[in-house]
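# give me a model of this one.
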Amino acid sequence: MTAPGHVPVMLREVLALLAPRDGGRYLDATFGGGGYTAAILGAADCTVFAIDRDPQAIARGAALAARHPGRLTLIEGRFGDMVELLAARGITALDGVAFDLGVSSLQLDAPERGFSFRAEGPLDMRMGGDGPRAADLVNTLDEHALADLIGRFGEERHARRVARAIVRARAEAPIETTARLAAIVRAAVPPGADGIDPATRSFQALRIAVNDELDEIARGLAAAIGLVAPGGRIVAVSFHSLEDRIVKRAFAEAAGRAPGVSRHDPAALRARSAPRLRLLTPKPLRPSTDETAANPRARSARLRAAERLAEAA
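You can find the predicted model right below:
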């Protein structure tokens, strides 16, 4: 039982790599519509903890928890805080962690959440209910800060042009809706040959900034590496290069495969710590053509996985 409209991405591959077993304890760090959680519960007689910062997602999960009494614990919060959230429930080690990074389809498809440029809605974009909205950033940041945000988090090469257009438009009236912002960006960014909506990258940038997504991913991966017991696995599905880069770097460093430092760098004199992970996917897995045909939102997905090694004696 997953939320209507929710299609878990690369579910078969996630389950195969996570390899749930009877008696195991697993964390779905990004509960969302419950797709991964439901599949893990169905694959083995195990216990699942599921975290989501979105109170709506937690509320939707109540029906799934009722179907699996005593086996599913829903936790509202940020997955970067998983160590503290789980410790409060007496859990200090796990047999596996799954991450489905980025925004969920359920959030994108709800105009009132303000994530999508495809429908009119308030310019919000908050996954939880706290902190500044996208409208607050758009209407208060200066042109330089806006351009930097859109360039860094959206990888938008026309970031300066977009920032200039936003500042000019908000001088006439505050920008409070997704439709108005999308129109401003589309007027500033020439359409590309790839067919991607010109507003895509700017909306992505604002969403990432509002939710502090990249720092949260780094914190969550570091926490997961510390929590997973030897033989346990971490599986992460990302949807754009910024996310994937963080996952790749975190796994590589924990596997002892980080780029070496120069012999002239004092850091080279320090002994390297023993590897904590074994990479299960030297290169990221991509969704099948059948999956992307059935679910176009899966087309940009990249899956990486790693296994926790035993501590060196």
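# ok, longest strand in this protein?
If you go by DSSP state E, the chain has its longest strand at strand 228-238.
# packing partners for it?
The helices and strands touching strand 228-238, judged by 3 or more Cβ pairs under 8 Å, 6 or more residues apart in numbering; DSSP states H and E, are helix 11-18, strand 94-100, helix 213-227, helix 241-254, strand 302-308. All C-beta atoms are positioned from the backbone trio N, CA, C, and that covers glycine.
# gap between the last one and the chain center?
Looking back up the chat, that one is strand 302-308. Between the centre of strand 302-308 and the centre of its chain there are 14 Å (Cα atoms, centre = their mean, to the nearest Å).
# what's the mean pLDDT across the longest strand of the chain?
Confidence over strand 228-238 (mean pLDDT, whole number) is 97.
# contacts for that strand next, please.
9-10, 14, 17-19, 93-102, 221, 224-225, 244, 246-247, 251, 277, 280, 301-311 (Cβ atoms under 8 Å, 6 or more residues apart in numbering).
# any idea how far P282 is from T92?
Between T92 and P282 the distance, using Cβ to Cβ, to the nearest Å, works out to 30 Å.
# same question, G128
If you measure G128 against P282 using Cβ to Cβ, the figure is 35 Å.
# quick check: mean pLDDT of the helix or strand containing Y36?
When elements are assigned from DSSP states H and E, Y36 belongs to helix 35-43. When the per-residue pLDDT values of helix 35-43 are averaged, the result is 97.
# which ones are touching L227?
Contacts here follow Cβ under 8 Å, 6+ apart; on that basis L227 touches L27, M82, V83, L86, T92, A93, L94, V97.
# recalculate using a threshold of 7 Å.
By Cβ atoms under 7 Å, 6 or more residues apart in numbering, the contact list for L227 reads M82, V83, A93, L94.
# isn't A224 up against D95?
No - A224 is not in contact with D95 according to Cβ atoms under 7 Å; the separation is 11.7 Å.
# quick one, which of these two is more surrounded?
Counted by other Cβ atoms under 10 Å, A224 and D95 do not tie: A224 has more neighbours, with 28 against 24.
# all strands for the stretch 1-150 of the chain, in order.
Counting by DSSP state E, counting those that start in this stretch, one finds strands in the stretch 1-150 of the chain at the ranges 25-28, 47-52, 72-76, 94-100.
# most packed of the helices and strands packed on strand 228-238?
Neighbour counts (mean count of other Cβ atoms under 10 Å) averaged over each of those peak at strand 94-100, with a mean of 26.
# that strand: how far from the chain's middle?
Centroid separation for strand 94-100 versus its chain: 13 Å, with Cα atoms, centre = their mean.
# got it, and stretch 120-140?
Centre-to-centre, stretch 120-140 and its host chain are 18 Å apart (Cα atoms, centre = their mean).
# sweet, I'm off.
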